[in-house]
Each structure stands twice: as C-alpha cells, then as structure tokens.
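S.K.: quick one: sequence plus predicted model below, questions after.
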Amino acid sequence: MFNSNPMVLNFIAGFSFAFLIAFISFRVRFLTKSGSIATFLLAGVIFSLGGIKWSVPILTFFILSSLLSKFRKKRNEEVELYFEKSGVRDHMQVLANGGIGGILVIINAIHPDELFYLIYLSSLSAVCADTWATEIGTWKRTLTYNILNFKLVEQGISGGISLIGTFGAVLGSFTISLSGIYWNTLHTGNYLVLIIFAGVFGSLFDSYLGATVQSQNKCNVCNKITEKDIHCGMNADYHRGLKWMNNDAVNFLSGIAGIIVILILKNIIA
Ligand SMILES: [Zn+2]
C-alpha cells in the first residue's frame, strides 16, 4: 500500500522539503528560476535517498554560501564587475556545485559504503572552500596575487589568490568537515585533515585552472579582463583560455580534484 511503503514516504518528505528550500531560495534571490528548479530536483534526490546524514552538509554549504554572497555584494560592488555571474545562482552553478553529490547519493543507495559519504564530503569541501575563498577573499580590498607567478593582479580575477581568500578556503572546508563529523567513522583527526586538505587543494586547483585554461574576455570599453560576455554595456571579446572552460566547468573540476585527493590520501593516512 501507498502509505505503508517507507521508500515512498521518504520521497514525499524529501521532495516536499526540497520544494520548500527551492521556493524560499527563489523568493530571497539566492537562486534564479532555473537554479531553483535544479535545486528542487537535486535536493529532492539527496534528501529522499540520503536522509539527514546527506542533507545537513549540502544545506550547510548552500545556505551559508548564499548568505556570504549577499553580504559580499553589499560591501564590495566593485569586484562584481569582474565575475561571470552575480550572487544569484542559476541551474548550471547548482549542478556544478552539487551534481557530484546527486550521483554519489544514488550510487550509495544501490551499493551502500561509507567511502561514498567521505567522497561526498570532500567534493562539497572543495566547492565550499572555493566559494568561500572568493566570497571572503573579496569581502574587502586586499592584495591579490597570480597563483602561477605571484605577481600582483586585480582583486576577483580568475587565478588570483590572497591571504584572506585562503583563510576563507580553510574556513569553508572546516565548516563542511564539521557538518558531517557526527556520521564520521574514521579517527577524528584523520577525518578533519582529509576533508580540509581535499577542500583547500580543490580550491587551489580551481585558481590554477583560472590562471591557465579558464575562458577570459576583454572589455572593448574599459580594457578590463573579465569572465563576463557583456561589460560596460558592450560585447566583450574573447581574450584567452578554452572557450568552453567557464566558471561552472572549473568549479566542477575542482570538486573532482577534491575527490581524487581524498582517495589518494585516505590510503596513506587512514
Ligand atoms: Zn568594461
């Protein structure tokens, strides 16, 4: 019967909660319309198949990162001129940050293994570290260096790193490690080192891709290098990088980097 099947009840509860999150996020402008539809589907799958254990980390990432974006935008609007996207996240951003989690929760539902949860946390740790490095690193004006040659660059530019941004990366991955610590089955110290290292590595890898292959345009009016297609009200021309390697692709790849790092490190220390 319909109401005696716990699986069906999980799906009803999971997708109802996902609808609530997606709806509120759209109303408070955390998400665009496409972003809230993607969030409804992705969060619905994660909530219903993963329960509280898988829901807490991704909610922690999503809610705190969205709040950080809102505050950063209010404080430092100048840096907005550079970013490909505004703080309001669309469906590609949602999938770049949470798509791996959706795949992992399905694999884990078919073939449960604690390793999948650890991989899930490290991919979230990487995207959270990267997001917070940007959000906290551009909170106020600060010296920013190119990750390849340590020359001073403009704040907010792809491939730029700063002291405060790196602090943001550590804080972001530490926060994700805390969000899953209740369900951790490893030695606590090893667990924290693994998740934080995977996160910070993923975020540095993101900056590395930003400095090398990420697509960049150049504004014809103000001559600034930007991720945006339109700058100063005009079409910006292609400048360098792989054309398809946008910010979402870079975020997705840094999540993968976090996973590879944890798989290697786990065999060494845990
Ligand atoms: Zn311009």
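M.R.: Nice, thanks for sending it over.

S.K.: C-alpha from now on. contacts and neighbour counts both.
M.R.: OK.

S.K.: now the one helix or strand residue 129 maps to: buried residues?
M.R.: Using DSSP states H and E, residue 129 falls within helix 114-137. Buried residues in helix 114-137, counted by 16 or more other CA atoms under 10 Å: 116-137.

S.K.: same deal with stretch 51-65?
M.R.: 51, 53, 54, 55, 56, 57, 58, 60, 61, 62, 65.

S.K.: residues in contact with that stretch?
M.R.: Contact with stretch 51-65 is made by 14, 43, 46-47, 98, 105, 117, 121, 124, 128, 131-132, 176, 179-180, 183, as judged by CA atoms under 8 Å, 6 or more residues apart in numbering.

S.K.: and for stretch 27-35?
M.R.: Applying CA under 8 Å, 6+ apart, the set of residues contacting stretch 27-35 is 22, 25, 26, 66, 87, 88, 89, 90, 91, 92, 93, 94.

S.K.: adjacent strands (with direction) for the helix or strand just after the helix holding residue 129?
M.R.: Using DSSP H and E, the helix or strand that follows helix 114-137 in sequence is strand 144-146. In the sheet, strand 144-146 lines up against strand 152-153 (antiparallel), strand 160-161 (antiparallel) (DSSP bridges).

S.K.: tell me how far strand 144-146 lies from the chain's centre.
M.R.: Using CA atoms, centre = their mean, to the nearest Å, the mean C-alpha position of strand 144-146 is found 21 Å from that of the whole chain.

S.K.: residues contacting that strand, please?
M.R.: Contacts of strand 144-146 (CA under 8 Å, 6+ apart): 151, 152, 153, 154, 155, 159, 160, 161, 162, 163, 211.

S.K.: at 6 Å what do you get?
M.R.: 151, 152, 153, 155, 159, 160, 161, 162 (CA atoms under 6 Å, 6 or more residues apart in numbering).

S.K.: tell me the one of these nearest the ion?
M.R.: Distances from the ion to those, taken as CA to the ion, are shortest for residue 155 (15.2 Å).

S.K.: now do stretch 202-217, average pLDDT.
M.R.: In this model, stretch 202-217 has a mean pLDDT of 94.

S.K.: briefly note if it comes near the ion.
M.R.: No - with CA under 5 Å from the ion as the criterion, the ion is not reached by stretch 202-217; the gap is at least 10.2 Å.

S.K.: does the closest residue to residue 106 other than its chain neighbours belong to a helix, a strand or coil?
M.R.: Excluding the flanking residues, the one nearest residue 106 by CA to CA, 6 or more residues apart in numbering is residue 49, at 7.0 Å. Secondary structure for residue 49, judged by DSSP: H, G, I helix; E, B strand; the rest coil, is helix.

S.K.: what does the helix holding residue 129 rub up against?
M.R.: In contact with helix 114-137 (CA under 6 Å, 6+ apart) are residues 101, 164-166, 168-169, 172-173, 176, 195, 198-199, 202-203, 255, 258-259.

S.K.: mark which of the residues you listed are part of helices, please.
M.R.: 101, 164-166, 168-169, 172-173, 176, 195, 198-199, 202-203, 255, 258-259 (DSSP state H).

S.K.: just the buried residues from the residues you listed, in ChimeraX please.
M.R.: Selection of the buried residues among these in ChimeraX, burial being defined by 16+ other CA under 10 Å:
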select :101,164,165,166,168,169,172,173,176,195,198,199,202,203,255,258,259
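
S.K.: coming back round to it: from the buried residues of stretch 51-65, which single one is nearest the ion?
M.R.: Nearest to the ion among those, counting by CA to the ion, is residue 65 at 27.3 Å.

S.K.: how far away is that closest one from residue 166?
M.R.: Going from residue 65 to residue 166 by CA to CA, to the nearest Å gives 16 Å.

S.K.: do residue 94 as well
M.R.: Distance from residue 94 to residue 166, by CA to CA: 23 Å.

S.K.: count of neighbours near residue 222?
M.R.: 9 (other CA atoms under 10 Å).
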